[in-house]
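**Student:** I would like the atomic coordinates for the input below:
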Amino acid sequence: MTGANSFQVSGYGPERAGWTRVFARDSVARRMDWPILLAAGALSLIGTVLVYSATRNRTELNQGDPYFFLLRHLLNTGIGLALMIAIVWIGHRALRTAVPLLYGASLFLILLVLTPLGSTINGAHSWIKLPGGFSLQPSEFVKLTIILGMAMLLATRVDAGDKQYPDHRTVLQALGLAVVPMLIVMLMPDLGSVMVMVIIVLGVLLASGASNRWVFGLIGAGTVGALAVWQLGILDDYQINRFAAFANPELDPAGVGYNTNQARIAIGSGGLTGSGLFHGSQTTGQFVPEQQTDFVFTVAGEELGFVGAGLIVLLLGVILWRACRIARDTPDLYGTIVAAGIVAWFAFQSFENIGMTLGIMPVTGLPLPFVSYGGSSMFSVWMAVGLLQSITVQRPMSA
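**Tutor:** Reported below is the predicted structural model:
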């Protein structure tokens, strides 16, 4: 099958039987995982409505234009979709050869944050200001490069048939690749992103088949490292206060515990079906800070109730379920690790974001995937969807 209406999906790196195939363009749509695509699209649409509800009356944020955040959120989603399509077209296996370049670019961007070009938002010095009032959070893209970089190292010799599992030397190299950007992100400090990266590393190691001693060793090292960070005073005061408020919500209800308390009030007042879209008293009264980003789930809980909030959780569950199937059914270790890393990322970040609004997790400033306002987050999660779709599309027909 050749000609103008076809393109080649070929194996990059070590060739394996059945990897080099030619597909007609219309078969790409047929082979894509539509449940993931539809669930992610539905979440982005729901997020658009929630972001509009949270910001339409906030003149101090929207510059007097009630549609300011709505239009930007739609623009971010559109760009995210374009990035997803580009990744499907290029192919995750082609990106495998570009991992060193992508990794270097990620390090360059997060190092820029530590220069005068970086800016502080909500206590975290993790942004780069761009022209036109836009900003970039490089740590969101580091999550992707850690997944791709570790997958490349851990899978190279296994996919080539030289090893059945990654050896200790390869695991050390993969961990070194992940630790470098994590340390830089910690200096910002962006504790929430570091927490996600740690879970990604653990998920990648589990999927790679590396010895469980590495996993347990990392958990122990992480515990010791967390205690050392606390004792050495590396964390900023606002981060320490957030953990203190999590441990004791009544510690300072008008201060460090304010966000969590107001979030729980908003969600609790929604009941089963909610107070109605654009009719939430907590949302309209602007009682919950950062409601278009970190606490967007409270808008769903208050205005759409348990039903609406449950729908968001259900759609996230669909994405995780299908991504787990992709990881399971992919015949090469590289694709399996990439899909598993994305599962670990989405699962933990969703749990942390929703959990902090319910008071069962500390406030860390992590966005809700596909729902929260924010270009960097929206771009990265849609790029991750592109990787999942590419793994599915490039899978041999017999797999």
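**Student:** I'd like to know how many residues surround Gly104.
**Tutor:** 11 (other Cβ atoms under 10 Å). Every residue, glycine included, has its C-beta placed from N, CA and C.
**Student:** So that it lines up with my notes, have the first residue be 25 from now on.
**Tutor:** Sure, I'll start counting at 25 from here, so that last one is Gly128.
**Student:** Give me the pLDDT for it.
**Tutor:** As predicted, Gly128 sits at a pLDDT of 93.
**Student:** buried ones in the helix or strand hosting it?
**Tutor:** Following DSSP states H and E, one finds Gly128 within helix 123-137. Under the neighbour-count criterion of 16 or more other Cβ atoms under 10 Å, helix 123-137 has 123, 127, 130-131, 133-134, 137 buried.
**Student:** Please, where are all the strands along this structure?
**Tutor:** Residue ranges of the strands in the chain, as given by DSSP state E, are 30-33, 45-48, 142-145, 148-153, 159-160.
**Student:** What's the mean pLDDT across the last one?
**Tutor:** Yep, that's strand 159-160 we're talking about. Per-region confidence: strand 159-160 scores 86 on mean pLDDT.
**Student:** residues in contact with it?
**Tutor:** Here strand 159-160 makes contact (Cβ atoms under 8 Å, 6 or more residues apart in numbering) with 133, 143, 145, 151-154, 399-400.
**Student:** Repeat the analysis, applying 6 Å as the threshold.
**Tutor:** Under the contact criterion Cβ atoms under 6 Å, 6 or more residues apart in numbering, strand 159-160 has outside partners 151-154, 400.
**Student:** Likewise for the fourth one?
**Tutor:** Contacts to strand 148-153, defined as Cβ under 6 Å, 6+ apart, come from residues 136-137, 141-143, 145, 159-161, 163, 212, 214.
**Student:** what's the closest of these to Gly383?
**Tutor:** When the contacts of strand 148-153 are compared for distance to Gly383 (Cβ to Cβ), Asp214 wins out at 22.2 Å.
**Student:** Look up the closest residue to that closest one, ignoring the ones flanking it.
**Tutor:** What sits nearest to Asp214 in space, not counting adjacent residues and going by Cβ to Cβ, 6 or more residues apart in numbering, is Ser150, at 4.3 Å.
**Student:** Likewise for Ile378?
**Tutor:** If you skip the residues right next to it in sequence, Ile378 has Phe321 as its closest partner in space, 5.4 Å away by Cβ to Cβ, 6+ apart.
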